[in-house]
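Asks: Here is my input; please provide its structure:
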Amino acid sequence: MESSTFQHKPLDKTKPQIRLFRIELRKEVISDEAERTTNYSLYGTLEVFEFPECPPFRALSYMWGTDPPGRTIVIDGHEVRIRDKSLAVSVELCLSAHLWRSLWNYVYPHKVPPENAFECDTSDFAYQGSNVYLWIDGICIDQSNIAERNHQVRQMSEIYKTAVEVIIWLGVPEDESLVSFFRLLKSDPERAWQEWNGDWFGLPGNVYWERLWIVQEVLLARHLTVMSGPHLLPWKRLDEFYEDVISSDGDSHPSGDYLGLSFAALVSYRRDRPVVGNLSLRGAIVNFCSNHCFEPRDKIFGLLGIVHPEDRITVDYGMTRLQVFRAVAEVIIRKGKDTWDDRQNRSCLYTLYVSMVPETPSGCDYRAFEDIIADIKAKLLQSRLVSLEHNNKNEEGNT
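Replies: Numbers count the residues shown, from 1 in each chain. Next up is the predicted model:
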């Protein structure tokens, strides 16, 4: 097993190429005088494919964590140190412990993961991952390569729409009552509704739903499966239960106000599938800009997959935060039709400005914001006047 620094195989950025992670299970029998044990270790290879010729694959949706590095995974024969995305300053593959645990639970659904190695001693687990192709952003994208990040994020909507299934991994449940509810909802939904007693609040209240990147991952998926620890639940069961909760008038079954706005918004938009991919840029920002992400520019880049093509800006991590903000402001202001639109646009854009643009020592500079908006409006007006003049000259030439 090699321990040299892992390197992604390059992608041809002129083509719609992606990498898929193929999970391999390797069985190692270890014998000594005392006992004979069997170790099952998780290995994987990264293979390059081109849309639409890639094999069926599943996409993993999870939340980046802040755990310190310490675990390893073997990819293409290399031991790769698992790092948190926020600490990814080297060429090493940046993975979080959340991702490590989610892979473990997917492959070994009935075994507790070990502390420091991606292997366990077992002979009676229900393994389902052999030769399964997965798309996982932390593995399949070279996060240190800006050009590749641009190329891959531009394809993100197609990746999640193409996946045969998107697996939502909520982490390891902290409350045993939530585990019991999860099992009951899967096996007997009617009984779950009768006996729930608020046990499920930990599910819609999970911080996963507040992460910005999961918005398009959840909304664009053809089929969704929710995973809590090793427990799997079809999204349909969760959606139906949620509908029963918010339609109930009884005090014992509180309304949707208690269930998390981020989760509620995702359920609502997922039901209205024709809207997804056709949202205005302003609408996407208003609904999901408050969701969390490490990179401020992802407040926009992470939502483009659910936005109408005419409203999308170019994904370019070489742009500054201010440049991204100006590009967004130009799209939104250009589409404004009246005074009401102008007020709504200004409110939306200022919220975005505060969350994206670095503050001055005295705080967020509202005057600077007003100057940017005024400058954009002046340039758009000038562009329209030039276009109008050009059209008039063409008409005169045709008469």
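
Asks: Every contact and neighbour count from this point should use C-alpha atoms.
Replies: OK.

Asks: Quick check: next helix or strand after the helix or strand residue 286 falls within?
Replies: Using DSSP states H and E, residue 286 sits in helix 281-288. Using DSSP H and E, the helix or strand that follows helix 281-288 in sequence is helix 298-301.

Asks: Check which helices and strands the following helix or strand past that following helix sits against.
Replies: Next in sequence after helix 298-301, counting helices and strands by DSSP H and E, comes helix 321-334. Using 3 or more CA pairs under 8 Å, 6 or more residues apart in numbering; DSSP states H and E as the contact definition, the elements that helix 321-334 packs against are helix 281-288, helix 339-356, helix 366-398.

Asks: May I see the ones you listed arranged in JSON lines, with mean pLDDT as well?
Replies: Formatted as JSON lines, the entries for the helices and strands packed on helix 321-334 read as follows, by pLDDT from 0 to 100:
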{"stretch": "helix 281-288", "mean pLDDT": "93"}
{"stretch": "helix 339-356", "mean pLDDT": "88"}
{"stretch": "helix 366-398", "mean pLDDT": "80"}
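
Asks: and residue 274, how many neighbours does it have?
Replies: The local packing count at residue 274 equals 10, with neighbours defined by other CA atoms under 10 Å.

Asks: do you know how far it is from residue 242?
Replies: Residue 274 sits at a distance of 21 Å from residue 242 (criterion: CA to CA, to the nearest Å).

Asks: what's the answer for residue 301, then?
Replies: Taken as CA to CA, the spacing of residue 301 relative to residue 242 amounts to 29 Å.

Asks: who has more neighbours, the two?
Replies: For residue 301 and residue 242, the more surrounded residue by other CA under 10 Å is residue 301, and the numbers stand at 23 against 18.

Asks: ok, that one touching residue 317?
Replies: No: using CA atoms under 8 Å, residue 301 is not in contact with residue 317, being 9.1 Å away.

Asks: residues touching the nearest residue to residue 223 once chain neighbours are set aside, list them.
Replies: Nearest residue to residue 223 in three dimensions, chain neighbours excluded: residue 165, at 4.8 Å (CA to CA, 6 or more residues apart in numbering). Shown here is residue 165, whose contacts under the criterion CA atoms under 8 Å, 6 or more residues apart in numbering are 57, 58, 59, 221, 222, 223, 224, 225.

Asks: Which PyMOL command selects the buried ones in those?
Replies: This is the PyMOL syntax for the buried subset of these, where burial follows 16 or more other CA atoms under 10 Å:
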select buried, resi 57+58+59+221+223+224+225
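
Asks: In TSV, list the contacts of residue 165 along with distance to residue 12, secondary structure and pLDDT.
Replies: Supplementary listing: the contacts of residue 165 in TSV, determined by distance: CA to CA, whole Å; DSSP: H, G, I helix; E, B strand; the rest coil; pLDDT from 0 to 100:
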residue	distance to residue 12	secondary structure	pLDDT
57	20	coil	92
58	22	strand	89
59	21	strand	92
221	26	coil	94
222	27	coil	92
223	29	coil	92
224	30	strand	94
225	32	strand	88
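
Asks: what's the closest of the contacts of residue 165 to residue 286?
Replies: Checking the contacts of residue 165 against residue 286 with CA to CA, the nearest one is residue 221 at 21.8 Å.

Asks: Tell me both backbone torsions, phi and psi, for that closest one.
Replies: Main-chain torsions, residue 221, degrees, to the nearest 10: phi -70, psi 140.

Asks: Just the pLDDT for residue 295.
Replies: In the prediction, the pLDDT value recorded for residue 295 is 91.

Asks: any idea which helix or strand carries residue 244?
Replies: Assessed by DSSP H and E, residue 244 sits inside helix 235-247.

Asks: So which elements touch that helix?
Replies: Applying 3+ CA pairs under 8 Å, 6+ apart, we find helix 235-247 packed against helix 176-187, helix 189-195, strand 224-228.

Asks: Now do that helix against helix 176-187, angle only.
Replies: Helix 235-247 and helix 176-187 meet at an angle of 110 degrees, taking axes from the mean of the first three to the mean of the last three CA atoms, to 10 degrees as the criterion.

Asks: any idea of the angle helix 235-247 forms with strand 224-228?
Replies: 80 degrees.

Asks: Please export the C-alpha coordinates of helix 235-247 as PDB.
Replies: Extracted as PDB, the C-alpha positions of helix 235-247 are listed here (Å, rounded to 0.1, in the frame of the first residue of the first chain):
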ATOM      1  CA  TRP A 235     -37.700  10.300   1.200                       C
ATOM      2  CA  LYS A 236     -41.400   9.500   0.300                       C
ATOM      3  CA  ARG A 237     -42.000   8.200   3.900                       C
ATOM      4  CA  LEU A 238     -40.500  11.300   5.400                       C
ATOM      5  CA  ASP A 239     -42.500  13.600   3.100                       C
ATOM      6  CA  GLU A 240     -45.800  11.900   3.800                       C
ATOM      7  CA  PHE A 241     -45.200  12.000   7.600                       C
ATOM      8  CA  TYR A 242     -44.300  15.700   7.400                       C
ATOM      9  CA  GLU A 243     -47.500  16.400   5.500                       C
ATOM     10  CA  ASP A 244     -49.500  14.700   8.300                       C
ATOM     11  CA  VAL A 245     -47.700  16.800  10.900                       C
ATOM     12  CA  ILE A 246     -48.300  20.200   9.400                       C
ATOM     13  CA  SER A 247     -51.900  19.400   8.600                       C
END
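
Asks: Report the buried residues of it.
Replies: Neighbour-count burial for helix 235-247, counted by 16+ other CA under 10 Å, picks out 235, 237, 238, 239, 241, 242, 245, 246.

Asks: Now find how far off-centre it is within its chain.
Replies: Remark: helix 235-247 is offset 22 Å from the chain centroid, using CA atoms, centre = their mean, to the nearest Å.

Asks: on contacts alone, who are the packing partners of the helix or strand that comes right after it?
Replies: With elements assigned by DSSP H and E, the helix or strand that comes after helix 235-247 is helix 261-271. In terms of contacts (3+ CA pairs under 8 Å, 6+ apart), helix 261-271 is packed against helix 214-220.
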